[in-house]
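Asks: dropping a prediction and its sequence here:
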Amino acid sequence: MRKVTAASTVLPDVERELRRVSERLEHLPLSRLSGPAQAGTARAALDAGLERSRAEAEPEMEPSRAEAGLEPSRAEVGRETAQRLADLCAGVEDAAAPTPPASRTVPRLDPRLLADQLRVTGHDLLIEVARQAGEPSDTQVWLDGRRADVTQVLQAAYDALVALRRRL
């Protein structure tokens, strides 16, 4: 019989949001992925148009929009979310460690692979949460350098995925 915990109530929401955001990213054309995540001024729209045409020519060679002082692209916001999920996963995986885990950098891939990258980091987190479910219910994991319970980690993942979806 499955143990009912607060984490088990948040888990379906995280799974649903991960699927929803991944599918949306999968269907965005490269020009939209490379564009700004939020609406901006007319100058930002012009800059975004120039950035899109450059990104379509050589997407992996372009500096990030944030590095250029522009509003981050949808792809950059997606990469940040994938990194957040990877960091959350490390905190659950290394729950027994005496210190918080080091960040494991998610590679910067072609923007067209972002949906898959998000799925992988999200799936890894869900696997670690499922493993943690077999531990005593008072087991604490790492979340942003402090101890927390798994429900808080799942809530952080859900919040990150919702924020990404809203910026797409």
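Replies: Cool, the structure landed.

Asks: what's in contact with stretch 89-97?
Replies: Here stretch 89-97 makes contact (C-beta atoms under 8 Å, 6 or more residues apart in numbering) with 100-104, 121, 124-125, 128-129, 131-132, 135, 139-144, 150, 153. In this view, the C-beta of every residue, glycine as well, is placed from N, C-alpha and C.

Asks: are any of those buried, and if so which?
Replies: 100-101, 121, 124-125, 128-129, 132, 141-143, 150, 153 (16 or more other C-beta atoms under 10 Å).

Asks: quick one: which of these has the lowest pLDDT value?
Replies: Across the buried ones among the contacts of stretch 89-97, the bottom pLDDT score, 85, is held by Gln132.

Asks: residue contacts, that residue?
Replies: With contact taken as C-beta under 8 Å, 6+ apart, Gln132 is in contact with Val92, Ala95, Thr139, Val141, Val150.

Asks: format those residues as CSV; extra columns: distance to Leu113 and secondary structure.
Replies: Listed next are those as CSV, based on distance: C-beta to C-beta, whole Å; DSSP: H, G, I helix; E, B strand; the rest coil:
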residue, distance to Leu113, secondary structure
Val92, 24, helix
Ala95, 30, coil
Thr139, 34, coil
Val141, 28, strand
Val150, 29, helix
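
Asks: mind picking the two most distant members of the residues you listed?
Replies: Longest distance between any two of the contacts of Gln132 is 9.9 Å, between Val92 and Thr139; criterion C-beta to C-beta.

Asks: what residues are shared contacts of the two?
Replies: Contact criterion C-beta under 8 Å, 6+ apart; residues shared by Val92 and Thr139: Gln132, Val150.

Asks: related to what we said a few turns ago, and the buried ones among the contacts of stretch 89-97, which is closest to Leu25?
Replies: Using C-beta to C-beta, these come closest to Leu25 at Thr121, 12.6 Å.

Asks: what about the closest one, distance to Ala90?
Replies: 10 Å (C-beta to C-beta, to the nearest Å).
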